[in-house]
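> Fold the stuff below for me.
(one chain, ligands or ions: 1)
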Amino acid sequence: MNIDVITIFPGLVEGFVSWGVLGRAIAAGRLNVRAHDLRAWSTDRHRSVDDEPYGGGAGMVMSPAPFFEAVDSVREPGGHVVLLSAKGRKLDHGGVARLAGHAQLVLLCGRYEGVDERVAAVADEELSIGDFVLAGGELGALVVIEAVARLLPGVLGNEKSLSFESHAAGTLEYPQYTRPAEYRGLRVPAVLLSGDHGAIERWRREQSERLTRARHGPAPRAAER
Ligand SMILES: C[S@@+](CC[C@H](N)C(=O)[O-])C[C@H]1O[C@@H](n2cnc3c(N)ncnc32)[C@H](O)[C@@H]1O
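Numbers count the residues shown, from 1 in each chain. From the prediction side, this is the model:
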């Protein structure tokens, strides 16, 4: 998969993706992340990418032209363009899985007071990573990149674990423990030390259901789904 990030801070993206799972995926050629400086598509001599808002108001708004030019320049056939925005549809596991199906993602990052509304016209969708406001779209782009990359074939060593993870099947993962069996009086549940794989399996399923009910409420009845 190719991911192109359009940002005024390409170094933020390059630094993050060089570590851990993402760094290994890139080194192994499973994923290609290219961070582009939006200012490369600015046409004035100050390389500016923002201007005052029409109608007045605080702060600066990012101009449409550099985003449109950037997309024209990096978008590949079939590429999917995402505008990171606090006003966008909220990202969830289903959205991440859908994004992972594209051969190329182009991620547009705003800054300042946000982007000129017309930038939405060059994007296939607007995505938010939560109901709060960040200073820029870069963290949103990195959230998308890391969540999507984990679903790509060959990126995680143990892909089987993906199907048990929180949200994959609409449930939260069961609690996990490692050594020591007791720490500061906190004990690992005895069933996990029992060696009884059937009992462990049942315990994990029950815990997962209990946790999902407690944090997400009861599962919707068939008629409500
Ligand atoms: C300071 S924010 C602009 C917020 C805008 N004035 C508003 O109230 O919706 C600057 C940029 O950060 C990014 N951003 C902020 N919050 C975000 C969120 N929750 N999800 C994704 N991107 C976000 C967007 O790219 C946005 O253009």
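> Could you report the neighbour count for residue 44?
Other residues near residue 44 come to 8 when the count uses other CB atoms under 10 Å. Backbone N, C-alpha and C define where each C-beta goes, glycine included.
> ugh, typo on my part, it should be residue 158
By other CB under 10 Å, the residues close to residue 158 number 6.
> now it: how far from residue 1?
As judged by CB to CB, to the nearest Å, residue 158 and residue 1 stand 20 Å apart.
> just how off-centre is stretch 92-103 within its chain?
Relative to the chain's own centre, stretch 92-103 is displaced by 9 Å; criterion: CA atoms, centre = their mean, to the nearest Å.
> and it with the ligand, contact?
No - counting by CB under 6 Å from any ligand atom, no contacts exist between stretch 92-103 and the ligand, the nearest distance being 12.3 Å.
> Span of that stretch from start to end?
Taking CA to CA, to the nearest Å, the first and last residues of stretch 92-103 lie 20 Å apart.
> Return the residues of the protein in contact with the ligand.
The chain has residues 84-87, 109-111, 113-115, 128-130, 132-137, 140 near the ligand, with proximity defined as CB under 6 Å from any ligand atom.
> change it to 8 Å
For the chain, the contact set with the ligand under CB under 8 Å from any ligand atom comprises 59, 62, 83-88, 108-115, 127-137, 139-140.
> Which strand in the chain has the most residues?
In the chain, assigned by DSSP state E, the strand with the most residues is strand 80-90.
> From the contact counts, what lies against that one?
Where contact means 3 or more CB pairs under 8 Å, 6 or more residues apart in numbering; DSSP states H and E, strand 80-90 is packed against helix 93-99, strand 104-108, strand 125-128, helix 138-151.
> List the neighbouring strands of the third one plus their orientation.
Same thing as strand 125-128. Strand 125-128 pairs in its sheet with strand 80-90 (parallel), by DSSP bridges.
> Spatially nearest residue to residue 40, not counting backbone neighbours?
Excluding the flanking residues, the one nearest residue 40 by CB to CB, 6 or more residues apart in numbering is residue 70, at 7.7 Å.
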